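Enquirer: Build me a model from this:
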Amino acid sequence: MKSPSNPAAHAPSQPESTPASAETEVALLREENQHLKDRVAWFERQLFGRKSEKRIIDAPDQINLLGEPTQTLPEPEDTVTVSSFQRGKAKKLRPDDCATDAGLRFSEDVPVEVIAVMPPELSGSDADQYEIIDTHITFKLAQQSASYVVLRYEMPVFKHKADQSMQTAELPDPVLERSIADVSLLAGLLVDKFQYHLPLYRQHQRMAQQGITVARSSLTNWVKRSIELLRPIVEAQCRHILLSRVLAMDETPIKAGRQHKGKLKQGWFWPLYGEDDEVVFTYSESRGRQHIENTLKSQFNGTLITDGHSAYARYAEKTQGVTHAQCWVHSRRYFVQAQERDPQAADQALNQIGGLYQLEQTIQEQKLTGDKKHQYR
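Expert: Down below sits the predicted model:
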């Protein structure tokens, strides 16, 4: 009888794993394991850790960006010393520009109303027995509520004696044609609404309390027409900002416009910040790259500073002449996240960034501008 054949002898031979492939697989597994650890650590920091990324810099022997030991920051010229104060019943030490011991300070633009206080002795029957030898001055801060006034224009109708033709004096050119709103009212509506965030319905309530009867829809109409008058100024300012070599751009969510069931739509403000400290707010209903393209319009060439939103990086990659740079806060955040993996290298980078932050903080505290700021940096 034939002996049964060995099945293993006819089975296809399995390729033996080489040491190189095994090392590659191990390296990939280690990398994946480290990536998962980083994700778990990030979630733990979000749930249980400290949210602030501030660090206390205390490294006198720190090496600066040029590889030289850091020295104590020199005090800039023209420093402003603000007197401190002591707690308790001791008299508080106030800055020299305070008008009173209570700390009242105001600029030259604030109107000052002089009120003469006359004692009864100086106006009575024995007033001639007294003489004023000095005047004591004190200040109090008062408030005048927003008030409205009706302008009554009286335009004379006059006649030429020779030809008996009659004429009527013309009103000054109005800002809005066929409108009862004066330019002062239009400016007040815009400032209260957009700078101090006072809604139109509250301004309407304030008018009603002061005896002014006007439809709320009129306020809305006046604001819309006034915005259209300001649009050319905003467009000119935007064109000037796009000439900057360094441009900062950001996106901020804002609830605007009603949709179904009374909920507000999600919109986005896209502010632009130029080199001349100009800011223009643009608006879009989305957070996509299309608004970036529509706003910059290939007119900007230079460095675009943004946060970590990927739409900016994609725009810079496809646009010639634009270099994308993240702001310090978002760039620094990656070093903070890398502290657990490589604390020595991460701390070195964070200390160098912290030194730059200290310089900027000193510049702000000393209120340095122009050449002095540049020289101190």
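
Enquirer: So what's the residue count around residue 22?
Expert: 10 (other C-beta atoms under 10 Å). For every residue, glycine as well, the C-beta is placed using N, CA and C.

Enquirer: Remind me which helix or strand it belongs to.
Expert: Element membership for residue 22, per DSSP states H and E: helix 19-48.

Enquirer: Remind me what that helix packs against, helices and strands.
Expert: Other helices and strands packing on helix 19-48, by 3 or more C-beta pairs under 8 Å, 6 or more residues apart in numbering; DSSP states H and E, are absent; none qualifies.

Enquirer: helix/strand/coil for the closest residue to residue 259 other than its chain neighbours?
Expert: Leaving aside its chain neighbours, residue 259 sits nearest to residue 265 (5.0 Å; criterion: C-beta to C-beta, 6 or more residues apart in numbering). Secondary structure state of residue 265, per DSSP: H, G, I helix; E, B strand; the rest coil, is strand.

Enquirer: mind checking pLDDT for residue 265?
Expert: Residue 265 carries a pLDDT value of 87.

Enquirer: ok, now the one 3 residues further on?
Expert: On pLDDT, residue 268 comes in at 94.

Enquirer: Show me which residues of stretch 318-325 are buried.
Expert: 319, 322 (16 or more other C-beta atoms under 10 Å).

Enquirer: likewise stretch 231-242?
Expert: Under 16+ other C-beta under 10 Å, the buried positions of stretch 231-242 are 237, 238, 241, 242.

Enquirer: so the first one is in which element?
Expert: Here residue 237 sits within helix 216-241, counting by DSSP H and E.

Enquirer: For residue 285, which residues are in contact?
Expert: 265, 266, 267, 268 (C-beta atoms under 8 Å, 6 or more residues apart in numbering).

Enquirer: Does the residue nearest to residue 259 touch residue 256 like I think?
Expert: Yes. In this structure residue 265 lies within contact range of residue 256 using C-beta atoms under 8 Å: 6.1 Å.

Enquirer: Please enumerate the shared neighbours of the two.
Expert: With C-beta under 8 Å, 6+ apart, residue 265 and residue 256 have no common neighbours.

Enquirer: could the buried residues of stretch 231-242 go into TSV alongside pLDDT and distance to residue 184?
Expert: Formatted as TSV, the buried residues of stretch 231-242 follow (pLDDT from 0 to 100; distance: C-beta to C-beta, whole Å):
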residue	pLDDT	distance to residue 184
237	95	23
238	95	27
241	96	29
242	96	33
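
Enquirer: and which of these is nearest to residue 152?
Expert: residue 237 (37.2 Å; C-beta to C-beta).

Enquirer: what's the distance between the closest one and residue 227?
Expert: Per C-beta to C-beta, to the nearest Å, residue 237 is found 14 Å from residue 227.

Enquirer: give me every residue that touches the closest residue to residue 218 other than its chain neighbours.
Expert: Nearest residue to residue 218 in three dimensions, chain neighbours excluded: residue 181, at 7.9 Å (C-beta to C-beta, 6+ apart). Shown in contact with residue 181 (C-beta under 8 Å, 6+ apart): 175, 218, 222.

Enquirer: For residue 181, pull up the helix or strand it's in.
Expert: Using DSSP H and E, no helix or strand contains residue 181.

Enquirer: for the one 3 residues further on, same thing?
Expert: Assigned by DSSP H and E, residue 184 belongs to helix 183-190.

Enquirer: Just want the angle from that helix to helix 216-241.
Expert: 80 degrees (axes from the mean of the first three to the mean of the last three C-alpha atoms, to 10 degrees).

Enquirer: just checking, next helix/strand downstream of helix 183-190?
Expert: Following helix 183-190 in sequence, per DSSP H and E, is helix 200-209.

Enquirer: That next one packs against which elements?
Expert: Helix 200-209 packs on helix 216-241, going by 3+ C-beta pairs under 8 Å, 6+ apart.

Enquirer: which helices and strands sit right next to the helix it packs on?
Expert: helix 183-190, helix 200-209, strand 264-273, strand 279-284.

Enquirer: What's the local residue count around the nearest residue to residue 214 once chain neighbours are set aside?
Expert: Counting by C-beta to C-beta, 6+ apart, the nearest residue to residue 214 once its immediate chain neighbours are dropped is residue 207, at 6.2 Å. The local packing of residue 207 (other C-beta under 10 Å) involves 17 other residues.

Enquirer: The helix or strand following the helix holding residue 237 pairs with which strands, parallel or anti?
Expert: Heading C-terminal from helix 216-241, the first helix or strand you meet, by DSSP H and E, is strand 246-249. Using DSSP bridges, the strands paired with strand 246-249 are strand 264-273 (antiparallel), strand 302-306 (parallel).

Enquirer: would JSON lines of these with distance to residue 351 be doable?
Expert: As requested, these are arranged in JSON lines below (distance: least, C-beta to C-beta, whole Å):
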{"stretch": "strand 264-273", "distance to residue 351": "28"}
{"stretch": "strand 302-306", "distance to residue 351": "23"}
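
Enquirer: right, so those: which one is the most enclosed?
Expert: Compared across these, strand 302-306 shows the largest average neighbour count, a mean of 19 (mean count of other C-beta atoms under 10 Å).

Enquirer: moving C-terminal of that one, what's the next helix or strand?
Expert: That would be, after strand 302-306 and using DSSP H and E, helix 310-318.

Enquirer: and that following helix with strand 302-306, angle?
Expert: 160 degrees.

Enquirer: packing partners for helix 310-318?
Expert: helix 289-296, strand 302-306, strand 322-326.

Enquirer: Okay, buried residues for the first one please.
Expert: Pointing back at helix 289-296 there. Neighbour-count burial for helix 289-296 flags 289, 291, 292, 295, 296 (criterion: 16+ other C-beta under 10 Å).
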